[in-house]
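Trainee: Sequence plus predicted model, see below.
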Amino acid sequence: MDVQRQIEYVVKQGKIDNGPKRVLIVGASGGYGLASRISAAFGCDASTVGVFFERPAVKKRTASAGWYKTAAFTNKAGAKGLYAKNINGDAFSEEVKQAAIALIKKDLGQVDMVVYSLAAPARQLPDGSLVRSTLKPIGESFTGMTIDFNTAELRAISLEPANPLEVADTIRVMGGEDWELWIEAMLEAGVLADGCVTTNYTYIGSKVTWPIYYRGTIGKAKEDLDRAAKALHEPMSRVNGKAHVVVMKGLLTQAASAIPGMSVYLSLLFKAMKRAGTHEGCIEQTTRLFATQLFSAGDLRLDEQARIRMDDLELADDIQAYVQDNWTAVNTASLSELTDFAGYRQAFLELHGFGIEGVDYDADVDPVEDMDLVFGA
Ligand code: NAD
């Protein structure tokens, strides 16, 4: 249902001229990666290879939400005659990189675009050790509010600052190193086409969330993406290609739901943006990115770090003024009036496949949804 809605949105916007025809998406089963795949396939008629880490159904136990979303996408792409193949496995591993390269060589020859949209809690390094990312402030502790999802009550949270190892580990998981490894391996294998573009998504957001996000451990990892994009400049120039970090809007995805304090911010943001008529979801963001930035003849909207800015509407003065004015005023009693907690809650349910109009949740269904995988189970 969610995938169908996203496809319909892209189709309604019309074809994107000069879009990519062969695209690899790393992190393709949810949020911005899935939306990028849908924009590429249904907006540009692109063949797509998706890499993700999802759990299939086992007997009566349901699969993870991203599994069903990818199965739905693959069926709908197939029905339109679009090539779509999937790899379920750990994108950090050499094995999965080589499986994707072999598939591209065999079926597509090369790709015109690589979307790196991974959001992972941990990374297994080549020596077998596991490093974890943390969502913590740096330097001083953070106190803020979060919304208890079940009771709709605001509750105080406080987080101790990260130690240097936690900062370094978060950079290893969510920074740019693995993006560089993918690009290096693909260049070496000759699977990047002339003029290929690669993107990696980042977030900056509002000053009210900076202590926990932009100035926190995850922000340090995101800073590392800017370093990696610069480091990729020379390798990508060998194929006349480009590496872009793109600043996307704050949205509720699986990854974002884990960020402390984000629920209050996003609920206020959704209220202000919906009222202004400027609210966008992942699919609106990726389609606008493709149509007006990456594959348009006009100038790119770049900042001083050469990042493409897609958070323009989120950071508009009137929107941020609303968020900042109400940031400390909001409490349990005023939650439904000042924020769009209802919309936030609905987005949370839909993320996990619940609360979707037209679905009979009492129906007895077989949770097994088969999907052809080139790699993985
Ligand atoms: P998401 O949780 O919706 O999707 C993450 C994807 O990564 C999924 O497809 C998942 O299967 C895949 N994945 C995770 N670990 C993997 C592994 N080891 N191997 C293979 N695949 C793996 O996340 P999202 O919010 O769409 O985030 C994608 C990117 O966009 C991240 O870099 C995030 O920081 C960035 N971003 C998110 C927001 C936001 O508000 N959600 C805003 C700006 C930027």
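Mentor: Okay, I see it. Numbering: from 1, shown residues only.
Trainee: Now do the SS call for A120.
Mentor: coil (DSSP: H, G, I helix; E, B strand; the rest coil).
Trainee: Which stretches in the stretch 201-350 of the chain count as strands?
Mentor: Ranges of strands within the stretch 201-350 of the chain are 242-247, 308-309, based on DSSP state E, counting those that start in this stretch.
Trainee: who touches the shortest one?
Mentor: By CB atoms under 8 Å, 6 or more residues apart in numbering, the list of residues contacting strand 308-309 from outside reads 244-247, 289, 293-294, 300-303. Any C-beta I mention is one placed from the backbone N, CA and C, and that applies to glycine too.
Trainee: Just the closest of the residues you listed to the ligand, please.
Mentor: V247 (7.0 Å; CB to the nearest ligand atom).
Trainee: L181 and the ligand: what is the separation?
Mentor: 13 Å (CB to the nearest ligand atom, to the nearest Å).
Trainee: returning to what we had before: where neighbours are concerned, which of the contacts of strand 308-309 has the most?
Mentor: The most neighbours of any of the contacts of strand 308-309, using other CB atoms under 10 Å, belong to V246, which has 25 neighbours.
Trainee: partner residues bridging the residue nearest to that one when sequence neighbours are not counted?
Mentor: In space, V246 comes closest to I308 once its chain neighbours are excluded; the distance is 4.5 Å by CB to CB, 6 or more residues apart in numbering. Following DSSP bridges, I308 is listed with bridge partners V246, L302.
Trainee: count of neighbours near I308?
Mentor: Neighbour count of I308, defined by other CB under 10 Å: 20.
Trainee: Flag every residue of the stretch 101-250 of the chain that's near the ligand.
Mentor: Listed as neighbours of the ligand in the stretch 101-250 of the chain under the rule CB under 6 Å from any ligand atom: 117-120, 201-203, 248, 250.
Trainee: re earlier: now the contacts of strand 308-309 as CSV including pLDDT?
Mentor: Shown next, in CSV, are these (pLDDT from 0 to 100):
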residue, pLDDT
H244, 98
V245, 98
V246, 98
V247, 98
L289, 98
Q293, 98
L294, 98
L300, 94
R301, 95
L302, 97
D303, 97
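Trainee: what's the farthest-apart pair in those residues?
Mentor: L294 and D303 (15.8 Å; CB to CB).
Trainee: follow-up on the earlier one: got CSV for the strands of the stretch 201-350 of the chain, with distance to S39 too?
Mentor: What follows is the strands of the stretch 201-350 of the chain, written out as CSV (distance: least, CB to CB, whole Å):
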stretch, distance to S39
strand 242-247, 13
strand 308-309, 15
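Trainee: Tell me which of those sits nearest to A276.
Mentor: strand 308-309 (17.9 Å).
Trainee: Quickly check: the closest one near the ligand or not.
Mentor: No. Using CB under 6 Å from any ligand atom, strand 308-309 stays clear of the ligand, coming no nearer than 11.5 Å.
Trainee: from the middle of its chain, how far away would that strand be?
Mentor: Once both centres are worked out by CA atoms, centre = their mean, to the nearest Å, strand 308-309 turns out to sit 15 Å from its chain's centre.
Trainee: average model confidence for it?
Mentor: The average of the pLDDT scores along strand 308-309 is 98.
Trainee: residues touching W210, list them.
Mentor: By CB under 8 Å, 6+ apart, the residues touching W210 are 216, 219.
Trainee: related to what we said a few turns ago, closest one to D224 out of the contacts of strand 308-309, please.
Mentor: For these, the nearest to D224 is V245 (10.2 Å; CB to CB).
Trainee: Correct me if wrong: that closest one contacts Q305.
Mentor: Yes. With contact defined as CB atoms under 8 Å, V245 reaches Q305; the gap is 7.4 Å.
Trainee: How about R301: what's its closest non-neighbour residue?
Mentor: Of all residues not flanking R301 in the chain, R309 sits nearest, at 5.0 Å (CB to CB, 6+ apart).
Trainee: Run a quick neighbour tally on the one you found.
Mentor: 16.
Trainee: Report the spatially nearest residue to the closest residue to the ligand within the chain, omitting neighbours in sequence.
Mentor: Residue of the chain nearest the ligand, by CB to the nearest ligand atom: G31 (2.1 Å). Nearest residue to G31, sequence neighbours excluded (CB to CB, 6+ apart): T253, at 3.3 Å.
Trainee: Verify the contact between the one you found and L34 for me.
Mentor: No. Applying CB under 8 Å, one finds T253 not in contact with L34, separated by 9.3 Å.
Trainee: When these two are compared, which one has more neighbours?
Mentor: L34 (28 against 20).
Trainee: so that one is in which element?
Mentor: helix 31-44 (DSSP states H and E).
Trainee: Do me a favour and average the pLDDT over whatever helix or strand comes next after that helix.
Mentor: Using DSSP H and E, the next helix or strand after helix 31-44 towards the C-terminus is strand 47-52. Across strand 47-52, pLDDT averages out at 98.
Trainee: Which parts of this protein are helices?
Mentor: 2-13, 31-44, 65-79, 94-103, 164-174, 177-189, 217-231, 233-237, 262-276, 282-289, 317-327, 335-338, 341-351 (DSSP state H).
Trainee: Perfect, that will be all.
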